[in-house]
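> Give the three-dimensional model of this entry:
(one chain, ligands or ions: 2)
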Amino acid sequence: MSEPLLDVRVRAKRYDGRTVLADTRLTIHPGEIVSLLGPSGCGKSTLLRIVAGLDRDFDGEVALRGIRLDGPSPELGVIFQEPRLLPWLDVANNISFPQRARGEAARQAAALLDEVGLPGIKESLPKALSGGMAQRVAIARGLFSRPCMLLLDEPFSAVDAITRTRLQDLLLAVTRAHGMAALIVTHDIDEALLLSDRVLVMQAGEAGAGGGIVHELLVTTTRPRERHAAEDAPLRRVLLDRLAARSDRAATSAARTVPACPSC
Ligand SMILES: Nc1ncnc2c1ncn2[C@@H]1O[C@H](COP(=O)(O)OP(=O)(O)OP(=O)(O)O)[C@@H](O)[C@H]1O
Ligand SMILES: [Mg+2]
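Ligands and ions are numbered 1, 2, ... in the order given. Sure thing, here's the model as predicted:
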């Protein structure tokens, strides 16, 4: 396989002296879509924030194409659960922020609005948008810096079921069109199986030890994928078992245990 695009090692991440992540390694290859799945509080958002360069208070490294990152990078587009649009800026200026939407930036914002299915709303203010529209604008904003990877933290959990399926389709379309990789935090097994090439299961640590990635599942179902496909049933079962097993580290036939980071 090619060299990883992203290589993350977290030896330890602590909050107030409490270890939340320990000995965790995450690699993502160009164009690969990877989901992080795990129970509430196990550290998914913490890991995503570390990858995004939004949290530098940890022991470890984040490298992109072999070069260490020491903060946010335009090569990594970040999309959160809520759109986080600035209410006083119109849609075009939200997409290009902190650049003003003028000249080439305005043209690029308009092209991205077309791409996310919202032509003609560049002068609208965020308050005039539905939740689904606002999240499309957030996706356009995530694409503005032409990143090589999108980082998404439960990006579709605040919208209704139909909007969610459309946004999932949009995410697959934009990652394919731009040849981008993606790291997606989700609680939804079916969403993970629909979107991902690989699903990483995280668990919280026990007895004060930090948690991290405990399982990796390859999803080789051919694309385009059907939602809730019967052929995914064995994978769904494996993921349910892994999520339910807090301390059982035994491998199952369809999933393999992720070894601890060798240099951690
Ligand atoms: N800023 C912070 N200060 C102190 N503790 C924090 C902070 N952020 C997160 N934590 C703690 O770190 C642990 C992991 O939190 P995190 O938000 O990463 O979990 P998560 O897996 O994303 O959960 P959820 O699925 O509910 O979003 C939790 O115990 C949480 O309480
Ligand atoms: Mg979270």
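> Export the strand or helix carrying Leu171 to CSV, keeping only CA atoms.
For Leu171, the host element (DSSP states H and E) is helix 161-178. C-alpha atoms of helix 161-178 as CSV (Å, rounded to 0.1, in the frame of the first residue of the first chain):
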residue,chain,number,x,y,z
ALA,A,161,-33.2,11.0,8.3
ILE,A,162,-33.9,12.0,4.7
THR,A,163,-31.5,15.0,4.9
ARG,A,164,-29.0,12.8,6.4
THR,A,165,-29.1,10.3,3.5
ARG,A,166,-28.7,13.2,1.1
LEU,A,167,-25.7,14.6,3.0
GLN,A,168,-24.1,11.2,3.1
ASP,A,169,-24.5,10.9,-0.7
LEU,A,170,-23.0,14.5,-1.0
LEU,A,171,-20.0,13.6,1.1
LEU,A,172,-19.3,10.5,-1.0
ALA,A,173,-19.7,12.6,-4.2
VAL,A,174,-17.3,15.4,-3.0
THR,A,175,-14.7,13.1,-1.7
ARG,A,176,-14.7,11.1,-4.9
ALA,A,177,-14.8,14.3,-7.1
HIS,A,178,-11.8,15.8,-5.3
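> Averaged pLDDT, it. What do you get?
In this model, helix 161-178 carries a mean pLDDT of 95.
> and for it, what are the contacting residues?
31, 33, 115-117, 131-132, 135-136, 139, 143, 146, 150, 152, 155-156, 159, 180-182, 184, 191, 194-195, 223-224, 227 (C-beta atoms under 8 Å, 6 or more residues apart in numbering). C-beta coordinates here come from the backbone N, C-alpha and C atoms, glycine included.
> Quick one: low-confidence residue ranges for the protein.
1, 246-264 (pLDDT under 70).
> picking that back up, among the contacts of helix 161-178, which ones are in helices?
Glu115, Gly131, Gly132, Gln135, Arg136, Ile139, Leu143, Glu191, Leu194, Leu195 (DSSP state H).
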